[in-house]
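> any chance you could fold what I've pasted below:
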Amino acid sequence: MPRPGHTWTTYTQIVRWIAGHYGQAHDPAPGTPEQDEQLMTRFMQDLGAGHLDFQPITDVTGVSYRHFRHHLRYLARWGVTRRTLLAGGANFQLLEKLNVEERDGQLEGLALSGTLPTQRRQLAQHLAGQVPGPHVQETGWLAPDPQTRRTPRLYGARDIAWVYGDHEVEFAEGLHPAVARSLIAQYLPGPGVIADPMAGSGTVAVTATRMGHTAWASDRFPAQPFIREVNLLGEDLVDVLEQTPHPHVDLMFLHPPLPGSLDLIADGFEQSDEGYAAWLNAILDSTVHALRGGAHLVLILPLGIPTALLLRIETQLLASLKVNFELERPTLAARHLAVARSGREGWHLLVARNPELPEEVSA
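Numbering: from 1, shown residues only. Presented below is the predicted three-dimensional model:
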């Protein structure tokens, strides 16, 4: 049997203490949420009336009243499936993030183990498997398949940062669907072709198809069957797309892995900020040629990236546009910040634009 997680162990200690205080013998288990809730309700009422002090529980478990009141207390209201996952060692914050009991039935058959990024991936894959997959034309290409009339939020010039909620679960390091929707709505308002050659779980591509666009998804290590395997260090994206119906795209997303998650030495680069910048420069040189005239490229980088590295990457992005498209003074079209409401995650969104191609002059 998996080792119980720390949060579940602490929760059971608290419930046992409360039961003992009321002279009851109760051993909390995943299948006893009703009994737990009865005890919790009575306990909270007595705390509110001043009949009890929480300090004895703090002395036994080390848990503050604030943490109990806003987090652990609500484990009694979780569904059995979610409680079972927590008791088996699943990450508490990951399960708490779901935040709605209606999801409990959707978790049946799920097993969570390993590091937090691994558990996020397992959860996202499980939830993704319960909804119809995208309509795949061929590996890499997804056809337009509008499934929702949700109007994307358009962030204006007065928005210092795009703030998004935590209710939608995505892969580790993944772009939140709300941010993807807004970027697509701003920089490709009409039907077009979108490419995400570092697709991860495919969030951008799937979101694009639901907004009426044709989308390309590729990755060095595909996480979904519809994502094509492409190593941008060994293949130019334009060469790959030339063999498809859409050799050039109207909007491209580049969302590279975090520096700490890459084995740069294995790819022939130094394991340093300088090595990461050189690695990303090679990625840019193998992708920007696929931009159509007038197309936008969105480069997504974590908020925690060192300022010097961020500025260096921005310079490299502009230099790549200058060299590959023979531009005199390329500039960024926009800079945005996207921040999770919880403050746990955020992104720099650097938007560059390939100018419209000059019209041919007839003889």
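
> how many residues are close by Ile18?
By other C-beta atoms under 10 Å, the residues close to Ile18 number 21. For glycine as for every other residue, the C-beta is placed from the backbone atoms N, C-alpha and C.

> one more: His176?
His176: 22 neighbours (other C-beta under 10 Å).

> ok, and the closest non-adjacent residue to it?
Once flanking residues are discounted, His176 sits nearest to Tyr164: 4.8 Å by C-beta to C-beta, 6 or more residues apart in numbering.

> show me the strands in the protein, by range?
136-138, 141-142, 162-164, 193-196, 214-219, 228-229, 249-254, 291-302, 332-340, 346-353 (DSSP state E).

> relative to Glu96, which of the ones you listed is closest?
strand 332-340 (14.2 Å; C-beta to C-beta).

> now for the closest one, which elements pack on it?
Judged by 3 or more C-beta pairs under 8 Å, 6 or more residues apart in numbering; DSSP states H and E, the packing partners of strand 332-340 are strand 162-164, helix 307-325, strand 346-353.

> partner strands of the first one, with direction?
Sheet pairing of strand 162-164 (DSSP bridges) gives strand 332-340 (parallel).

> Glu328 and Lys322, how far apart?
Glu328 sits 8 Å away from Lys322, taking C-beta to C-beta, to the nearest Å as the criterion.

> out of the two, which sits in the busier spot?
Lys322 (13 against 5).

> one step back: and the strands of the chain, which one's lowest on average pLDDT?
Least confident of these, judged by mean pLDDT, is strand 136-138 with a mean of 65.

> what ranges in the stretch 151-300 of the chain fall below the confidence cut-off?
Low-confidence segments of the stretch 151-300 of the chain (pLDDT under 70): 157-158, 166-173.

> returning to what we had before: any idea how far the residue nearest to His176 is from Asp145?
According to C-beta to C-beta, Tyr164 and Asp145 sit 23 Å apart.

> do Pro189 as well
Pro189 sits 19 Å away from Asp145, going by C-beta to C-beta.

> quick check, the residue nearest to His176 in contact with Ser342.
No - here Tyr164 does not reach Ser342: they are 9.9 Å apart, not a contact under C-beta atoms under 8 Å.

> quick one: which of the two has more around it?
Using other C-beta under 10 Å as the criterion, Tyr164 and Ser342 rank with Tyr164 on top: 23 against 11.

> any idea what that one is bridged to?
Tyr164 has the following beta-bridge partners by DSSP bridges: Ala340.

> and it, how far from Ile265?
35 Å.

> cool, Gln45 as well?
Shown here: Gln45 relative to Ile265, a distance of 60 Å by C-beta to C-beta.

> same check on Glu37?
From Glu37 to Ile265 the distance is 53 Å (C-beta to C-beta).
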